[in-house]
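A.B. asks: 3D, please:
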Amino acid sequence: MRIFIDGFNLLHSVVLKKENRSRWWSVHQQLRVIELVSSFSPPPAFKGHSVEFEKLEIVFDASSSRSERAVLPLPFSQRISLHYAPSADDWIVEQIKECAQPAMVVSADRPLTDRARHLGALKIIPWQFSEYCSPGF
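C.D. replies: Residues are numbered from 1 along each chain as shown. Next up, the predicted model:
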């Protein structure tokens, strides 16, 4: 299964909670998302589907080449792929279209999850995803 994570959506839904949202797009905040995702321990099954995966794929919106971009810390590179796209939503949908295996999307963005589900992907909301991550977020 390929698991696609809408990075800034997860950031706003789970990581920031009621924190100050100034500089929410910063590398520091992106690294907080990466840290959370790296602690993901999948359930044996989700909605009747096996959740075995090779990598967790995080994508952040980056409207220009000057957008702040994190560098994936080495310890996380075995489990996580990090991507930047002008539209994270469109990037995720395109990946699902090209995907020959089941896919899951982590996002609370209804238009994105509706598009993904139309293509056969499973949806998991960020709060539910975070329940399978280490405590402290």
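
A.B. asks: how far away is Gln95 from Pro42?
C.D. replies: Here Gln95 is placed at a distance of 19 Å from Pro42 (Cβ to Cβ, to the nearest Å). The way it works is simple: take the backbone N, C-alpha and C, and place the C-beta from them, glycine included.

A.B. asks: One more: Leu56?
C.D. replies: 9 Å.

A.B. asks: who has more neighbours, those two?
C.D. replies: Neighbours per residue (other Cβ atoms under 10 Å) separate Leu56 from Pro42, with Leu56 holding more: 22 against 16.

A.B. asks: what's the closest non-adjacent residue to Ala62?
C.D. replies: Take Ala62 and drop its neighbours on the chain: the residue closest to it by Cβ to Cβ, 6 or more residues apart in numbering is Tyr84, 3.8 Å away.

A.B. asks: After the one helix or strand that neighbour maps to, which helix or strand is next?
C.D. replies: Secondary structure assignment for Tyr84, by DSSP states H and E: strand 80-85. Sequence order places helix 88-98 as the next helix or strand after strand 80-85, per DSSP H and E.

A.B. asks: I'd like the next helix or strand past that next one.
C.D. replies: Defined by DSSP H and E, the subsequent element after helix 88-98 is strand 103-106.

A.B. asks: Check which residues of that next one are buried.
C.D. replies: Ala103, Met104, Val105, Val106 (16 or more other Cβ atoms under 10 Å).

A.B. asks: ok, that strand: who's next to it in the sheet?
C.D. replies: Strand pairing for strand 103-106, determined by DSSP bridges: strand 2-6 (parallel), strand 122-124 (parallel).

A.B. asks: Take those and write them to a markdown table, including mean neighbour count.
C.D. replies: Shown next, in a markdown table, are the strands paired with strand 103-106 (neighbours: other Cβ atoms under 10 Å):
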| stretch | mean neighbour count |
| --- | --- |
| strand 2-6 | 25 |
| strand 122-124 | 19 |
